[in-house]
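Chemist: No letters, just coordinates:
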Ligand code: NAI
């Protein structure tokens, strides 16, 4: 239980990769703040599951792209748990369209959730991490940041920005005991990829050396590693979790 006594916030923690991160961090002994935007029941289910395994957890509503809502949520988490040691910036959206047809709104909405969201969360939590001289920030980027993808110029920009943000922030807070890393998953079986046409996913499977999509838990385990004491000298890195699709 290497995360005993720690508190982790996972944004968008009610399903998919976020849910798996909640589970893996709780398995390490961390208390979990499960952020959700709309699906209260799914978040309550995650909390119940973590509690059933003996963990400490609570759900917190906020649209992380909204600064005021995020600040209120962070206040609620601080009054419930007293601290946040690990932040997993997982919440994200896609609004896919070829660039010739992409609207300004599709461009901005993806940047607002996927980049301003982490900005809101990190800026609210970083001062207390620096004061306490311990913190782990883990950003869920994407293979699309590294390879690009048809119809995802907005998403690629946001996820690429997240990697650049990770490296810059890692340099700024390295002496303050805070590490900042990213993971870049390939194609993982979640609601997000369920929206991708079957033929495209079949093509991804063919192109992936391991011949399959990933599972949310396979991302969750890497996130737990980055949060754990074992990863104490790792900062500013991007861990690829993609079955070999991008090397
Ligand atoms: P998902 O769509 O199942 O989960 C995303 C979660 O984020 C949902 O719970 C959603 O409610 C939440 N969310 C969205 N906007 C929010 C907001 N404004 N405030 C709070 N919560 C919000 O997708 P999945 O696949 O679990 O994705 C999780 C993260 O992993 C995302 O950042 C995604 O971009 C990234 N990713 C996913 C990959 C995949 O193949 N599934 C591959 C690479 C990265």
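Modeler: Thanks, I have the structure now. Remember, it's a predicted structure, so these values are computed and weren't measured experimentally.
Chemist: ranges for the strands of the protein?
Modeler: 7-10, 31-36, 57-61, 86-89, 135-140, 178-185, 238-241 (DSSP state E).
Chemist: Return the most buried member of the ones you listed.
Modeler: Of those, the one with the most neighbours on average (mean count of other CB atoms under 10 Å) is strand 86-89, at a mean of 29. From N, CA and C alone the C-beta is placed, and that goes for glycine too.
Chemist: Give me the neighbour count for the closest residue to residue 215 other than its chain neighbours.
Modeler: Leaving aside its sequence neighbours, residue 215 sits nearest to residue 189 (CB to CB, 6 or more residues apart in numbering; 6.0 Å). Residues lying near residue 189 (other CB atoms under 10 Å) number 16.
Chemist: Mind giving me the packing neighbours of the biggest helix by length in the chain?
Modeler: Identified as the longest helix of the chain according to DSSP state H is helix 153-173. When contacts are defined as 3 or more CB pairs under 8 Å, 6 or more residues apart in numbering; DSSP states H and E, helix 153-173 packs onto helix 104-111, helix 117-132, strand 135-140, helix 143-147, strand 178-185.
Chemist: Just the buried residues of that helix, please?
Modeler: Of all the residues in helix 153-173, those buried under the rule 16 or more other CB atoms under 10 Å are 153-163, 165-166, 169-170, 173.
Chemist: Looking at those residues, spot the one nearest residue 116.
Modeler: residue 158 (9.4 Å; CB to CB).
Chemist: Out of the buried residues of helix 153-173, the closest to residue 69 would be?
Modeler: For the buried residues of helix 153-173, the nearest to residue 69 is residue 158 (19.4 Å; CB to CB).
Chemist: Please list the residues of the chain that sit near the ligand.
Modeler: Contacts of the chain with the ligand, taken as CB under 6 Å from any ligand atom, map to 11-12, 14-18, 35, 37, 63-65, 90-93, 113, 117, 140, 142, 185, 187-188, 190-193.
Chemist: Give the residue farthest from the middle of the protein.
Modeler: residue 100 (29.2 Å; CA atoms, centre = their mean).
Chemist: Which residue comes closest to residue 74 once chain neighbours are left out?
Modeler: Going by CB to CB, 6+ apart, residue 74 has residue 124 as its nearest residue, at 4.3 Å.
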